[in-house]
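**Q** output the structure for:
(2 chains)
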Number of protein chains: 2
Amino acid sequence: MVVSLRLPLISSLLSPASSRSSNFTFSRRALGISWRQQRPLRLPLLSSGFSARSSSTGTEIRVDNSKNRVPEGAITPRSQDFNAWYLDVIANAELADYGPVRGTMVIRPYGYAIWEAIQVFLNAKFKETGHENMYFPQFIPYSFIEKEASHVEGFSPELALVTIGGGKELEEKLVVRPTSETIVNHMFTQWIHSYRDLPLMINQWANVTRWEMRTKPFIRTLEFLWQEGHTAHASPEEAEKEAIQMIDVYTKFSYEQAAIPVIAGRKSKVETFAGADKTYTIEAMMGDRKALQAGTSHNLGQNFSRAFGTQFTDENGQRQHVWQTSWAISTRFVGGIIMTHGDDGGLMLPPKLAPIQVVIIPIWKKDGDKVEVLSAASSVKESLQTAGIKVKLDESEQRTPGWKFNFWEMKGVPLRIEIGPKDVASQSVVISRRDIPGKQGKVFGISMEPSVLEAYVKGTLDEIQSSLLQLAKTFRDSNIVDVSSYDELKEAISEGKWARGPWSASDQDELRVKEETGATIRCFPFEQPQGPKTCLMTGNPAEEVAIFAKSY
Amino acid sequence: MVVSLRLPLISSLLSPASSRSSNFTFSRRALGISWRQQRPLRLPLLSSGFSARSSSTGTEIRVDNSKNRVPEGAITPRSQDFNAWYLDVIANAELADYGPVRGTMVIRPYGYAIWEAIQVFLNAKFKETGHENMYFPQFIPYSFIEKEASHVEGFSPELALVTIGGGKELEEKLVVRPTSETIVNHMFTQWIHSYRDLPLMINQWANVTRWEMRTKPFIRTLEFLWQEGHTAHASPEEAEKEAIQMIDVYTKFSYEQAAIPVIAGRKSKVETFAGADKTYTIEAMMGDRKALQAGTSHNLGQNFSRAFGTQFTDENGQRQHVWQTSWAISTRFVGGIIMTHGDDGGLMLPPKLAPIQVVIIPIWKKDGDKVEVLSAASSVKESLQTAGIKVKLDESEQRTPGWKFNFWEMKGVPLRIEIGPKDVASQSVVISRRDIPGKQGKVFGISMEPSVLEAYVKGTLDEIQSSLLQLAKTFRDSNIVDVSSYDELKEAISEGKWARGPWSASDQDELRVKEETGATIRCFPFEQPQGPKTCLMTGNPAEEVAIFAKSY
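**A** Predicted coordinates:
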């Protein structure tokens, strides 16, 4: 029995629009927007095993005869429909799934491993720069949120509220944290007394909740994971320095680990965080040329310290309010990685954040070759593992090598090592790069000798890392247009590009651009062109150029 | 001006029963039980800096003249009031603080670092035993909780419910996860199709919420952090093996890392997790001889898979419900460490989980000695750090060495190195053990030579680790009484001890023991005495002994 891998009956079995559970009583309508408004994450066809049951007959459908089929076509081509491609990659590479509550996301092991790699790197950087981890409760008294005027205005529309606890109606509603500035300040008032207690520099890894109406896996979900740094300082200069330091940490991380050439800069007043004096941001260009705000660092000034009375006694015995910062990167960044590097073949992961950097595919036809091929593959795996490389040996016999090639390409593994009987005979391997398709990316006859192979693999991973960054940079730069008039701006945006031009116009003008073009000021980049500038909108002198783009 | 370190005005300034914030509008009453029902965590006198401001006058009070005062008396002696001692240690060692919402806890950096050490070790063990990390949403549709009959019975009284999202009343209430078996099963139905998808073994590190009425920092809080493992298997034998494997992981972790000689065993039916067939537990004896359930592993059988329809097609093509386990350790474990090893001097941390294993205190009187003492201290610090030891150099000049000795003892740092001018001259150091008070624990003339010092320090840390375990074991064993009648049991319990005796009586009898003595069956330990047994309650034959104790 030959069954296509794109069995409609399997998809209907598993799409989030239905449930396989016979006693599934949970009402979708009850949770707000219906599932149908979400594009269903498609069946992860390629890895959920190759048997399934028909919902009507209970018969197991075996697809053993399709062993040689490769999963081509399982993913919508990127060029055809970017959004469909994105959701297909997430489903097929098993990065995430929809949770039962509208807008929530289950982060699956492969997706979570990317987040873990981000955590490991950033966590070390935060510690190096003098921050300590801690944990604040997620329930915040509603009255806290109301204390900082612009904060409540910004966040109140998207709050989730706990009103019942232990079977009883609560007298004061509790906010499930959308961010922690308020509770942090409440605690800081108890810990900060004198200038000697400053700077106070902490970070927490936590979940946060924002009741978003339009959601998209990783990019905008009702609940997401992030780190939020919070610091208090004795002077505005120190706070500013810290806010800049952290956006720099994020920028370097993006370039060096994620191979994403973000543009760092300052947000316009309109786009500044609710409660901040200044917001710094890193803006990344996705494959569809929309901008993604990938991380932010806020100089909060004394806005929260005044609202909460977070004061210290300075060296002259005077009471002052502390100056503060907060900064965050979230699981949204995983979405940024997918949409920066992925291609029609699926995911493409930067080696430094890849959960699996090298996959080994043993190849044999005759049973007589099997033992020596597998044994060679195992020892290659072991020597690479010992060298600190994240390696997986796919020795399953359920799938053909061709199928495995496509599968691991779709999962974005940077390097593939093939080992067959001839390779064993010559004590060498074949190595293929994910980022260079076909024969161009394939090198034969690399020695199995551990030190040689290790050096080759490490060198190639480094090359891939640089190459991904270079590619993304070229793409970015060829899609940013310098504009000197509103007409030029509109043209660039209508072509799907980013527009960069001098800007000193009003907030009203900025909102008008948004209304008329769909683009917002992503940032005033730190890197500014020299010389005098004339505002593209008003013709008045301008001190800075701004970048306008449509964004996620 | 000499000011006692126990300034009542500072405590009243900072105790959670009041607030320093002038615009503090948050109503305590609104959140249920008032603060006064909690013993306030005392002012962390010892480390919040040594200046403070009188709330009435605004004058800064400098306590420089009390430089030689040591913080003796800041902590209630353990023998005098165990609970007060526990809360004092938490406040003074800066492990945690109360959050603004009743029963919530802020985990401060030093306390969080202990949790991080627990995470690092267990996370590696979970991966070694084949589990992958992932993340499930914390909002669970209320209807999910109702599906497994005993689960809803066990958890519904302590649920926190979100009823408003994005400004609108939700049609279905959302449960803030108290544990994730229900949502895990909902997702497992989508990922599990055939026996080839099994075993499915995952873990998540997350926050959970249980609306507890009587709370205590770390031990029982409204929100806590934990890991929860969830697995699905193709046979009951495999599930049982997994449940046992994970309680073994916890047991070894407790003995080898935390130096806590837990007793592992099976819970009675009465004490089994709501939704499990069997619950395995590790029970630890605290310093007041109350038992602490420090970790559990559940064999869930098919209870949840039947409720949610989590089925697979077996090798014979038959549909079956999966067999499952779940297992967890939480931030409660940090409370267990405090209450197992702490003494009148404060915290005492097992070296393997201590955020700081060695503190170096430089000592000088003449300014002329300062440079060379500090330089020697720095190079000792560096050589120990290079050797992978977690070391802190306390070179602040605000405090006397004597004060620092007491402070770091109170923080439970296993080893202290003192370096003065004479030590520099002889190129040696003085080393003191936290676990052996006074001169007995002090060794002079250990060479500064890196390899010698490193070996000595590592050896001594290992000795302390073993010694803490041995001490706790001796304490435990001298407080377990073998009983053969209910009278003997009652006597043991009334003396504050644990009673171990043969048990085959009814659930009613078990509840009667609880009512009459306050003790519950902690477990039927895995280690059982040989030979025939007679139930202590009924005189009938019994297969096992049970351990009864009062517990947290």
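**Q** so how far is the first residue of stretch A:474-494 from its last?
**A** 21 Å (Cα to Cα, to the nearest Å).
**Q** quick one: distance of that stretch to the chain centre.
**A** Remark: stretch A:474-494 is offset 26 Å from the chain centroid, using Cα atoms, centre = their mean, to the nearest Å.
**Q** also stretch A:261-273?
**A** With Cα atoms, centre = their mean as the basis, the mean position of stretch A:261-273 lies at 18 Å from the chain mean.
**Q** so for it, mean pLDDT?
**A** The average pLDDT for stretch A:261-273 rounds to 97.
**Q** buried residues, it. List them.
**A** Residues of stretch A:261-273 classed as buried: A:261-268, A:271-273 (neighbour count, 16 or more other Cβ atoms under 10 Å in any protein chain shown). Using the backbone N, CA and C atoms, a C-beta is placed for each residue, glycine as well.
**Q** need the residues you listed in TSV (columns: distance to chain B and secondary structure).
**A** As requested, the buried residues of stretch A:261-273 are exported to TSV (distance: Cβ to the nearest Cβ, whole Å; DSSP: H, G, I helix; E, B strand; the rest coil):
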residue	distance to chain B	secondary structure
A:Pro261	28	coil
A:Val262	25	coil
A:Ile263	30	strand
A:Ala264	28	strand
A:Gly265	30	strand
A:Arg266	30	strand
A:Lys267	24	coil
A:Ser268	26	coil
A:Glu271	21	coil
A:Thr272	22	coil
A:Phe273	20	coil
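**Q** nearest to B:Asp197 among those residues?
**A** Proximity of the buried residues of stretch A:261-273 to B:Asp197 (Cβ to Cβ) peaks at A:Val262, which lies at 38.5 Å.
**Q** excluding its backbone neighbours, what's nearest that closest one?
**A** A:Ile282 (3.8 Å; Cβ to Cβ, 6 or more residues apart in numbering or on different chains).
**Q** specify the beta-bridge partners of that neighbour.
**A** For A:Ile282, the beta-bridge partners are A:Ala264, A:Gly295 (DSSP bridges).
**Q** so what's it up against?
**A** By Cβ atoms under 8 Å, 6 or more residues apart in numbering or on different chains, the residues touching A:Ile282 are A:247, A:250-251, A:254, A:262-264, A:293-296.
**Q** do you know the pLDDT at it?
**A** 98.
**Q** for A:Gln440, see how far away it is.
**A** Counting by Cβ to Cβ, to the nearest Å, the gap from A:Ile282 to A:Gln440 is 32 Å.
**Q** could you measure from the residue of the stretch 451-552 of chain A found nearest chain B over to A:Gly335?
**A** Residue nearest to chain B within the stretch 451-552 of chain A: A:Tyr552 (19.3 Å; Cβ to the nearest Cβ). Computed as Cβ to Cβ, the A:Tyr552 to A:Gly335 distance reads 8 Å.
**Q** next one: A:Gln385
**A** A:Gln385 is 30 Å from A:Gly335, by Cβ to Cβ.
**Q** and for A:Pro437?
**A** Going from A:Pro437 to A:Gly335 by Cβ to Cβ gives 24 Å.
**Q** could you do A:Ile446 as well?
**A** Counting by Cβ to Cβ, the gap from A:Ile446 to A:Gly335 is 35 Å.
**Q** neighbour-wise, which of the two wins?
**A** When neighbours are counted by other Cβ atoms under 10 Å in any protein chain shown, A:Ile446 and A:Gly335 differ, and A:Gly335 comes out ahead with 25 against 18.
**Q** show me where the stretch 151-300 of chain A has its strands.
**A** Secondary structure of the stretch 151-300 of chain A (DSSP state E, counting those that start in this stretch): strands at A:160-165, A:168-176, A:200-209, A:223-233, A:263-266, A:278-285, A:291-301.
**Q** just checking: what are the partner strands of the second one?
**A** When pairs are called by DSSP bridges, strand A:168-176 turns out to pair with strand A:139-141 (antiparallel), strand A:160-165 (antiparallel).
**Q** to B:Thr182, which of the ones you listed lies closest?
**A** Short answer: strand A:160-165, nearest of the strands paired with strand A:168-176 by Cβ to Cβ, at 18.2 Å.
**Q** identify the residues contacting that closest one?
**A** With Cβ under 8 Å, 6+ apart as the test, strand A:160-165 has contacts from A:139, A:142, A:169-170, A:173-176, A:209, A:211, A:222, B:32, B:139, B:159-166, B:173-174, B:176, B:211.
**Q** can you tell me which of the residues you listed are buried?
**A** By neighbour count, with 16+ other Cβ under 10 Å, these hold A:139, A:142, A:170, A:173-176, A:209, A:211, A:222, B:32, B:139, B:159-166, B:173-174, B:176, B:211 as buried.
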